[in-house]
Every structure is written in C-alpha cells, then in structure tokens.
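Enquirer: No letters, just coordinates:
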C-alpha cells in the first residue's frame, strides 16, 4: 500500500463498510468517514457533503470518495440541480480541500452509467460519456471537474466506473428481484434474453484497493465488472436456485414490457431489466492485475445467507 494513511468517505454504506473492513484486516491505517451512525460500523469521523472535512485530513495520503447522493425513486429523482451540486460541485470542493491538506491521491467512485444505459458491445474507458439521468449526469460532471482540477493542481486522480454492486446490503433492482423471487411473485421475464454485467462487492473492493495502492493507477480511469453476462431471467433463476424456491415467470414480449415501464416514467428500470449493458474490464486487469475472483452466484448466496 502506498505510504501514509487512507481516508474513506461513505464508510458506513454498503461498499464503504466492506472496503474499510478489508483495509483494517490487512493492517492498513484508514480513517472511516460516515454521515450517520450505523449498526456494526463505527465511523472515525462524521461528515456531510458540503461540510469542511478539516483535521480529519491530517496525514492522509489517499482519499477514497464513495459518499454521494445516489439513485432515489419518486420525488427528487429528476432534481438535476441537486445531484450536480452534491455529486459534482461538492466533490470538487472536497478534492480542493484535500489537496490543501497535502492529500496526494483522490480515488473517485463514479458509475458505468456515465457512458449510457444500454450497449450491445463492451464499453471501454475511452468511449464517449453519454449520461442518461440526473444521477449519471452528475457523476459525468464530477469526472470532468476532477480531471480539470487534477491537471491544474498535480493531484493524482483515479476514476473507477462500475455497474450495480451485488453483495450484502444490496439495494435497487437486485434487491427488488430477490424479494419478489422469495415471495414467488409471478414475474414477466420469460422472454427477456438481454445481457448485463454486475460487479460483486468483494471484487469491487479488491479493485478499489488496487487503485489506491499502485503508482501506475494515477491519472487513469478503470472499469470494474464481473465477467458473467447474464439476462434478467437468468439472474432470477440464480436467485431462485439459492433460495430453494420455484421461479414463477410468465411471457411478456420485451417491447410491451418496455412500453409499460416508459408509460410509468421508469426508463432506467426498463433499461436495467430488458436492455443490454456490456463492459470492457481488460484495462484494469492488464494494468493493475485485477482478477474478479468471486462469481456472481457466490455473492447472491452471501446475501441470502445474511438475511436468513
């Protein structure tokens, strides 16, 4: 690990908790920064986006910024101004403060969604940004602002893009599918043959640690994802297998399913459940030696085991 202390924002969230636990188990000095107290994870500092971090940055060499305003459904989802402020402008403010305290490297957790919501071919780091909602626009803007600041200040920047994370504490579409399959709710996915990639929590943490560790990561963007290409139907089958329940699915043409989601104003959900999204992770594997060792099914098993 590069010399000096690490600091992790968003340390009480799903990814942050796993990352801090990994680092501490490896003997790495790390300060965990959270927004609120959560069971099983005591933060060293409490901080809100927009606040001054202050003395917590003393002696920190690498800051891993996971804290963000994330996807929310319903009210506020289209609040582009709010997302831009919290995820872009306040992230830049944090980077500037960190630089003033002597932090050398800023590792930024972005989203593969900055490149779009669908892709028939694997998307690489050099592909053009095509954000598609308020959240991904804010992440794309943050990337641009941080890149400009890195060039002018000399602060090392590493940007990590990844899809939905599968692991203990999962939320979003994967959590909804887990609950529906457990309850044996009939799902309209029998005809869905899309291909999407996820990243397991353990594999993501391994990638973040490498990004913080290696000198050659400075100034780079890396994509992280599990190699499995899986349809929504196949994902439901994996979940049912691990739960030991019968999967109940019925056929609805993808075009009708898409139309229904669009009529409800849920384009992102339509893309996530019916569209393709492929990701090229060859760069981080070749440059940093990242190997996604945990299969997707193993992560699903851990979630189910944790829930009892």
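Expert: Alright, I've got the coordinates. None of these values were measured; they are calculated from a predicted model.
Enquirer: Give the full set of residues in contact with residue 98.
Expert: Taking Cβ atoms under 8 Å, 6 or more residues apart in numbering, we find residue 98 in contact with 53, 57, 60, 63, 106, 155. (Each C-beta comes from the backbone N, C-alpha and C, glycine too.)
Enquirer: One more: residue 138?
Expert: Contact partners of residue 138, counting by Cβ under 8 Å, 6+ apart, are 69, 80, 83-84, 86-88.
Enquirer: Those, buried ones only, as a ChimeraX selection?
Expert: Selection command for ChimeraX covering only the buried members of those, criterion 16 or more other Cβ atoms under 10 Å:
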select :69,83,84,86,87,88
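Enquirer: Just the contacts of residue 138: which are in helices?
Expert: 80, 83-84 (DSSP state H).
Enquirer: which stretch of helix or strand covers residue 107?
Expert: Counting by DSSP states H and E, the element that carries residue 107 is strand 105-109.
Enquirer: Pull up the pairing partners for that strand, direction included.
Expert: The sheet places strand 105-109 alongside strand 60-65 (parallel), strand 156-161 (parallel), with pairing taken from DSSP bridges.
Enquirer: between the ones you listed, which gets nearest to residue 282?
Expert: Nearest to residue 282 among the strands paired with strand 105-109 is strand 156-161; the distance by Cβ to Cβ comes to 13.7 Å.
Enquirer: Show residues contacting that closest one.
Expert: Everything outside strand 156-161 that qualifies as a contact, by Cβ under 8 Å, 6+ apart, is 104-112, 114-115, 125, 143, 146-147, 149-150, 207-208, 211-212, 217-224.
Enquirer: Cross-check the contact I'm expecting between residue 279 and residue 196.
Expert: No. Taking contacts as Cβ atoms under 8 Å, residue 279 lies outside contact range of residue 196: 9.1 Å.
Enquirer: Now do the shared contacts for those two.
Expert: Residues touching both residue 279 and residue 196 (Cβ under 8 Å, 6+ apart) are residue 163.
Enquirer: When these two are compared, which one has more neighbours?
Expert: When residue 279 is set against residue 196 and neighbours are counted by other Cβ atoms under 10 Å, the residue ahead is residue 196, at 26 against 23.
Enquirer: Give the closest residue to the more buried one in space, chain neighbours not counted.
Expert: Excluding its sequence neighbours, the residue lying closest to residue 196 (Cβ to Cβ, 6 or more residues apart in numbering) is residue 277, at 4.7 Å.
Enquirer: now what about stretch 29-49, what contacts it?
Expert: Taking Cβ under 8 Å, 6+ apart as the rule, stretch 29-49 contacts 5-13, 16-17, 20, 23-24, 53, 56, 60, 67-69, 86, 90-91, 94.
Enquirer: Going through those, which ones are buried?
Expert: Neighbour-count burial (16+ other Cβ under 10 Å) applied to those gives 5-13, 16-17, 20, 23, 53, 56, 60, 67-69, 86, 90-91, 94.
Enquirer: Next step: those restricted to helices.
Expert: Judged by DSSP H, the subset of these located in helices is 16-17, 20, 23, 90-91, 94.
Enquirer: and of those, the nearest to residue 301?
Expert: Top of the list for closeness to residue 301, among these and by Cβ to Cβ, is residue 17 at 18.9 Å.
Enquirer: I'm done for today, thanks for sticking with me.
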